[in-house]
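K.L.:
generate coordinates for the sequence data below:
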Amino acid sequence: MTSAVNEMIAHIAGQTETQALRSRLSAIQSIPGNPMGVEIKEFGQATAFTVKNIPGPSFNKVTGMSDFDADKLKEILRYYEARNIPVQFDILPVGASNQLLFAMAKEGLYQSGFHTSFYKKAERCESPKQEGNIVIREIKGDEFQLFSKLYIKGFNLPEFTMKGIAENNAILYDHADWTFYLAFYQNEPAGLGVLYVNGHTASLNAAAVIPEHRGKGVHQALIKKRIHAASNRHSNMIFSQASFNSTSHRNMEKAGLTIAYTIAIWKPLM
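P.N.:
Numbers count the residues shown, from 1 in each chain. Predicted coordinates for the structure are as follows:
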């Protein structure tokens, strides 16, 4: 594969992940009164996402930043400071050079970690066989409380977030671009997965397995199920993300996804 193709894939991957986040947060923002305090603002080609009442970097971050937006950096930092929300920049290797990175360092930002983006060309395929004791199916409308319980256990989040997670995912239940899955091991709830499909691209948007059912193939089965679903919805490309060299990272590669690029995560010095 040539570097030009890699660059093209990287751009599409970045755009797909930004579209997925925008779709999710726009739905949460549409809840009457915007109780989560969602804001989405463009700064040149970069998009700043803030969610006042959902702390953490998953939703409070800047995507799409490139050399073209280096002159917007001070304005972006003021934007987050005014809202008293910590900012995270997800920097892709395409579109960023010494110009942007130097400007970020000059503003007191530092690279704090890495995240890996994956891709796979979609192909029509048969439905994956059930993996022994594992059953995966689409969620029902009244199961988002269960979804939320699995989510906080799988991602090790505090229990007080359960109600908000249930509501903020249930709002997407009837959205054509989003599909939610529950995984069961020996008939016990074991994990969850989310699929976002927009046009001809898809994102394996989130997946988690609770601690007592890890190492049993549940996460791998969730990946295969969503790849099959995306392929059957005429997606050309499937994307996903995982922490570098994590179990999720290795499971992505086992399922045939290839590394598209590594995201550099930048944050302010404390």
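
K.L.:
make it CA atoms for all contacts and neighbour counts henceforth
P.N.:
Will do.

K.L.:
quick check: closest non-adjacent residue to residue 189.
P.N.:
Once flanking residues are discounted, residue 189 sits nearest to residue 183: 6.2 Å by Cα to Cα, 6 or more residues apart in numbering.

K.L.:
ok, that neighbour touching residue 134?
P.N.:
Yes - with contact defined as Cα atoms under 8 Å, residue 183 counts as touching residue 134 (7.0 Å).

K.L.:
the more surrounded of these two?
P.N.:
Comparing residue 183 with residue 134 by other Cα atoms under 10 Å, the one with more neighbours is residue 183, at 26 against 20.

K.L.:
residues that sit against both of residue 183 and residue 134, list them.
P.N.:
residue 218 (Cα atoms under 8 Å, 6 or more residues apart in numbering).

K.L.:
can you classify the residue nearest to residue 262 when sequence neighbours are not counted by secondary structure?
P.N.:
Closest residue to residue 262 apart from its sequence neighbours, by Cα to Cα, 6+ apart: residue 116 at 4.5 Å. Assigned with DSSP: H, G, I helix; E, B strand; the rest coil, residue 116 falls in the strand class.

K.L.:
got the confidence number for residue 116?
P.N.:
Note for residue 116: predicted pLDDT of 92.

K.L.:
OK, contacts around it?
P.N.:
Shown in contact with residue 116 (Cα under 8 Å, 6+ apart): 241-244, 249, 259-263.

K.L.:
rerun at 7 Å
P.N.:
By Cα atoms under 7 Å, 6 or more residues apart in numbering, the residues touching residue 116 are 241-244, 259, 261-263.

K.L.:
you'd agree residue 7 is in a helix?
P.N.:
Yes - per three-state DSSP, residue 7 lies within a helix segment.

K.L.:
can you show me the strands along the protein?
P.N.:
Assigned by DSSP state E, the strands in the chain fall at 38-43, 46-51, 61-63, 89-91, 109-121, 134-138, 178-185, 188-198, 201-209, 237-243, 258-268.

K.L.:
so which bits of the second one are buried?
P.N.:
Looking back up the chat, that one is strand 46-51. By 16 or more other Cα atoms under 10 Å, the buried positions in strand 46-51 come out as 46-51.

K.L.:
per-residue pLDDT, the residue positioned nearest the centre of the chain?
P.N.:
The chain has residue 205 as the residue nearest its centroid, 4.6 Å off, counting by Cα atoms, centre = their mean. Residue 205 carries a pLDDT value of 91.

K.L.:
surely it touches residue 194?
P.N.:
Yes - taking contacts as Cα atoms under 7 Å, residue 205 lies within contact range of residue 194: 5.3 Å.

K.L.:
between the contacts of residue 116, which is closest to residue 107?
P.N.:
residue 263 (19.7 Å; Cα to Cα).

K.L.:
quick check: bridge partners of residue 38?
P.N.:
residue 51 (DSSP bridges).

K.L.:
what's the burial count for it?
P.N.:
21.

K.L.:
what does residue 32 give?
P.N.:
Using other Cα under 10 Å, residue 32 has 7 other residues around it.

K.L.:
now do residue 138
P.N.:
Close neighbours of residue 138, defined as other Cα under 10 Å, add up to 13.
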